[in-house]
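**Q** Predicted model and sequence below, questions to follow.
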Amino acid sequence: MKGKVYLVGGGPGDPELLTLKAAKILGRANIVLHDALVSREVLALAAAGAERIDVGKRCGTKLLTQEEINALMISYAKSHKVVVRLKGGDPLFFGRAGEEIAALREAGVEFEIVPGITAGFAAAAAARFSLTDRRVASQVLFTTIQRDSDNRSIQWAGISSNTTLVIYMPGTDYARVRQQLRDAGWPEDMPCAIVSHASAKDQAIRSTILAKLADEATLPAPAIMVVGRVVAEVAEEIGREFRIGVENAERTSRPMVI
Ligand code: SAH
């Protein structure tokens, strides 16, 4: 084996939120296998001669299967020194890194993981609330919502409403999210925030309560939902500044002013 594979977090979008280490490795890259979520500005930091290969999804259609991506990483590591597997946010959050790590281990390829700022952190920073707060939230659950076709469901045992839920891939059916939370006993007045394109130029933020979640217009993907009492701290502020939402991009991308 000649090369090494770096599983790198590309952060939420804003290139300034990339780690120095990630930028340095990208600058030395021979091959960059990236997901669709990685921002153009971050990709631009790859070495001039680096070959960039989009292995992500487009409109829900996978360009390559996970097995093909694993095989690509392994074969490039045989012929190239610096192979970067670049993922949006943090590479270890909802990004199939477990399968890639297993494949690299099995093939005996040297690898290293470089963390990134996950979308949940970027969303909380954008909307300016704390994910934990000793007054109302003592724990955080990073999760995703159940769809028909899979069995990814929140395991509700032990999850009380002093938890902040950070819901990745909430989908476009907010009524469904509301239903699942209601079924699990979450109160109707629980505040929710939806953050689209966190940290990017077209960032948009909405806040509502569980009872009204289904009335919200769907924000463009990628979007993340945060549900919990911590959101209440800024709900009014978000409501005032971002009420117009996606209809008016200029308004929605404006920074919040208290
Ligand atoms: N590894 C990524 C998550 C990949 S799953 C991370 O750590 O952030 C893809 C989901 O992440 C999207 O459906 C969306 O829910 C969320 N996401 C990624 N980037 C985002 C962004 N800039 N703003 C809001 N949500 C984002």
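**A** Thanks, I have the structure now. Residues are numbered from 1 along each chain as shown.
**Q** ok now do the residue of the stretch 51-200 of the chain found nearest the ligand, which residues does it touch?
**A** Distances between the stretch 51-200 of the chain and the ligand by CB to the nearest ligand atom are smallest at Gly89, namely 2.0 Å. Glycine gets a C-beta too; all of them are placed from N, C-alpha and C. Taking CB atoms under 8 Å, 6 or more residues apart in numbering as the criterion, Gly89 is in contact with Gly9, Gly10, Gly11, Pro12, Leu37, Gly95, Gly116, Ile117, Thr118, Ala119, Ala122.
**Q** which residues of the protein fall in strands?
**A** In chain order, the chain shows strands spanning 4-9, 31-34, 51-54, 57-58, 61-62, 82-87, 110-114, 139-144, 163-168, 191-196, 204-209, 223-227, with DSSP state E as the criterion.
**Q** where does this structure dip in pLDDT?
**A** Counting by pLDDT under 70, the chain contains low-confidence ranges at 1, 57-61, 146-153, 155, 233-258.
**Q** Quick check: the most centrally placed residue in it vs Phe94, distance?
**A** Within the chain, one residue has its C-alpha closest to the average C-alpha position: by CA atoms, centre = their mean, that is Ala119, at 3.6 Å. With the distance defined as CB to CB, to the nearest Å, Ala119 ends up 9 Å from Phe94.
**Q** Also Ser130?
**A** When distance is defined by CB to CB, Ser130 is 22 Å away from Phe94.
**Q** cool, and Asp54?
**A** Asp54 is 19 Å from Phe94, by CB to CB.
**Q** Asn30 is in contact with Ala77, correct?
**A** No - counting by CB atoms under 8 Å, no contact exists between Ala77 and Asn30, whose distance comes to 10.1 Å.
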